[in-house]
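Asks: Coordinates only, no sequence provided:
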DNA sequence: GATGAATGAGACTTCATTCAT
DNA sequence: CATGAATGAAGTCTCATTCAT
């Protein structure tokens, strides 16, 4: 049920994900939701996003771990996400992106889950860049850019039902970063 | 009314923008909607997005025009959008982002408006990069990355109610691009 | 619709009066409620009770006006209410009694409407008793007793589907009051 | 569990008393209800009201026993009930009043429990008045009035969160009855 | 025997849309 | 042409009741 919620949220967003849809996708009964999630939709959303963001962070860390540089990690991440998009008919991209934008101007506590996700994901790239030898400031800023590239690439890909924008954006970012770290290991941006 | 719709759509997205809200914001009468927009909500959304994307494209082109390089244009665009975020309490970022993600997996014709917007915005940066001397392929890929950085940066900024991610991401991208175009004007990524 | 609500509330109380019931009784459509009563059930309840209590107060005042003594007014009121009970299959007694008891321990603003009703009804008997020559203190206390007799009598009558308790209680109260005011016009209770 | 139900019913009535509330108040388990009360809510309500009305009748009888006249008994009963109201934050008044009014127009068998309660309570005052020397008819009618005064007084007190109406109504009734029985022991109302 | 979980009808409410004036 | 009113499907949530362990 949490899993079904996570998929629907990533695919359709907060408002378009009805409790009935979740229940149908999880093959559960109408009334059972409020036994497992007494606080209703927000609780289900919160737990669903906690699940899906946890997995996403683990995958992101694994890709970084398996890569010899941050640039390589970006490129691999883009390729991996492109596969996911293809495998899910362009439904699953970022687990929180749609929801985050929908509720950005509310005081919905789910927004905290989104913020935390972005923060932790950011840390993964910061650490990777530090390992690549970058200065702390450069690492922080570049990690923000990497997150942005991936999120923006996913948005373009889902909007156009085409993985090319995501692949291209990640490959470009990867190239630029490698070019930067290789050609100027001692200066700052 | 179209204007009111554009603001609400950018701020709250497709599902959370009710016809009633638009009518109230535009101080129009309930029943007049279907005189002006016989095809209902989707028509209103479509015309609203056409208006707001037109303005966004004009601004993007103007910034590019006023900049001596694409890297500078990116940085200026980030700063401009940060101002907009601040001025609108983080409501107005990309005019279509939220809507695009919400309806990405539907066959809603509004999605075409979103795609067109991204395409045209992409062209602006492609042309700018060509003017900077890049090869066609590089320009296309880099323009995609630029779009991604801006869209992703806006998402991070709106989610955290803080313009820093947007500024940092754009500045990093600008730095990398300038570094790349200056140090290696003849090679390709 | 307000009228239908008033009848259902007097008959079945707050919780058992569904919006659907009101709509069905008023032959209106499901969604029209929230056009006329944007604040929902509580607003409908409030306006319904305002209508029915207004009528009840007018009738109570008219009966007092038409009577030569408060005692006579009580007896006539009991007979009148007995007729109403018979005519409505024991559905309509006090317009607010059931609702008042149901929400007595909540902070529902409808409770104020109930309190006001009792206060104004009380005043009618206070004035009548003052006209009969009673001291202010006696009048106030006796008026409270009269209200209690009528409300209690209505409760007993509705519970037993029999108007006898109401008639008996009012007649007894009438007799006692007449006996008191006649035999001791100068002393106080 | 029966005890918890009795308190909730007196306080909130039939509809607002959920099985879940009872179970929670009694610290019992959800599924155990239908082992102890196979006939469901109505059985629980019935047994709860049987318990609470039994206690109320015993107290009423005790007060009558301890009083030298029916008038005195009424006054003492009013004072006692006022204490209960104060001690329970105006939650506990008559054990059946709210429920009786809610279900008066249904064929719910619980209504019989309410009727029986009123009948037995009525008998207590009839007997007390007969002991005071009243004729059978007068005693019956006056007992009905006494019941009405107490029930009505409780309703007014709970509605206004103030014991004054109850005290005043009972005191007035007491005074009138004493005045009547003393000044005219031989006539009839 | 007792319990956590499941069930589905029904409550209140919102929404895009249409109608009568 | 414009407007207040009407419409009914659908959404979130609650509840009394039953089931599998």
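Replies: Sure thing, it's come through. If you're wondering where the values come from, they're calculated on a predicted model, not measured in any experiment.

Asks: for chain A, what spans make up the helices?
Replies: With DSSP state H as the definition, chain A shows helices at residue ranges A:2-12, A:19-25, A:33-36, A:41-65, A:70-87, A:97-103, A:110-131, A:136-160, A:164-183.

Asks: Which one of these lies nearest to chain C?
Replies: Nearest to chain C among the helices of chain A is helix A:19-25; the distance by C-beta to the nearest C-beta comes to 18.7 Å. C-beta coordinates here come from the backbone N, C-alpha and C atoms, glycine included.

Asks: Just confirm yes or no for the closest one near chain B.
Replies: No - contact between helix A:19-25 and chain B, assessed by C-beta under 8 Å from any C-beta of the partner chain, is absent, since the two come no nearer than 12.7 Å.

Asks: Residue A:20 is in contact with residue A:30, isn't it?
Replies: Yes - the pair residue A:20 / residue A:30 is scored as a contact, 7.2 Å apart, by C-beta atoms under 8 Å.

Asks: Quick one: neighbours of the closest residue in space to residue A:78 that isn't next to it in sequence, just the number.
Replies: Closest residue to residue A:78 apart from its sequence neighbours, by C-beta to C-beta, 6 or more residues apart in numbering or on different chains: residue A:170 at 2.7 Å. Residues lying near residue A:170 (other C-beta atoms under 10 Å in any protein chain shown) number 30.

Asks: residues in contact with residue A:170?
Replies: Contacts were defined as C-beta atoms under 8 Å, 6 or more residues apart in numbering or on different chains; by that measure residue A:170 touches A:74, A:75, A:77, A:78, A:79, A:149, A:150, A:153.

Asks: can you do 6 Å?
Replies: Under the criterion of C-beta atoms under 6 Å, 6 or more residues apart in numbering or on different chains, the contact list for residue A:170 reads A:74, A:75, A:78.

Asks: if I look at residue A:126, how far off is residue C:138?
Replies: When distance is defined by C-beta to C-beta, to the nearest Å, residue A:126 is 84 Å away from residue C:138.

Asks: ok and the residue in chain A nearest DNA strand F?
Replies: Among the residues of chain A, residue A:40 lies nearest to DNA strand F; the distance is 2.8 Å by C-beta to the nearest atom of the strand.

Asks: Please tell me how far stretch A:143-161 is from the chain's geometric centre.
Replies: From the chain centre to the centre of stretch A:143-161 is a distance of 9 Å (C-alpha atoms, centre = their mean, to the nearest Å).

Asks: whoops, I mixed them up, stretch A:154-171
Replies: Centroid displacement of stretch A:154-171 relative to its chain, using C-alpha atoms, centre = their mean, is 14 Å.

Asks: Let me have the helices of chain A in CSV, extended by distance to residue D:113 and mean pLDDT.
Replies: Listed next are those as CSV, based on distance: least, C-beta to C-beta, whole Å; pLDDT from 0 to 100:
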stretch, distance to residue D:113, mean pLDDT
helix A:2-12, 46, 95
helix A:19-25, 39, 94
helix A:33-36, 32, 94
helix A:41-65, 40, 97
helix A:70-87, 64, 98
helix A:97-103, 51, 98
helix A:110-131, 48, 97
helix A:136-160, 63, 97
helix A:164-183, 70, 92
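
Asks: Buried deepest among those, which one?
Replies: When neighbours are counted by mean count of other C-beta atoms under 10 Å in any protein chain shown, the highest per-stretch mean among these falls to helix A:97-103, a mean of 28.

Asks: Which strands or helices does that helix pack on?
Replies: Contact analysis of helix A:97-103 by 3 or more C-beta pairs under 6 Å, 6 or more residues apart in numbering or on different chains; DSSP states H and E lists helix B:97-103 as its packing neighbours.

Asks: outside of the helix it packs on, which residues touch it?
Replies: Outside of helix B:97-103, the residues within contact range by C-beta under 6 Å, 6+ apart are A:13, A:97, A:98, A:101, A:159, B:9, B:13, B:14, B:111, B:114.

Asks: ok, the closest residue to DNA strand E within chain A - contacts?
Replies: Here chain A gets closest to DNA strand E at one residue, residue A:31, 1.5 Å apart by C-beta to the nearest atom of the strand. When contacts are counted by C-beta under 6 Å, 6+ apart, residue A:31 touches no other residue.

Asks: swap the cut-off to 10 Å and go again
Replies: Neighbour list for residue A:31: residue A:23 [criterion: C-beta atoms under 10 Å, 6 or more residues apart in numbering or on different chains].

Asks: And the pLDDT for it?
Replies: With respect to pLDDT, residue A:31 has a value of 89.

Asks: Pull the distance from stretch A:118-134 to the chain's centre.
Replies: Stretch A:118-134 sits 15 Å away from the centroid of its parent chain (C-alpha atoms, centre = their mean).

Asks: And for stretch A:13-33?
Replies: On C-alpha atoms, centre = their mean, the centre of stretch A:13-33 falls 23 Å from the chain's centre.

Asks: Show me which residues of chain A are close to chain D?
Replies: Proximity of chain A to chain D, by C-beta under 10 Å from any C-beta of the partner chain, involves residues residue A:35.

Asks: how close does the residue positioned nearest the centre of chain A get to residue B:8?
Replies: The central residue of chain A, meaning the one whose C-alpha is nearest the mean C-alpha position (C-alpha atoms, centre = their mean), is residue A:94 at 3.7 Å. Spatial separation of residue A:94 from residue B:8 under the definition C-beta to C-beta is 24 Å.
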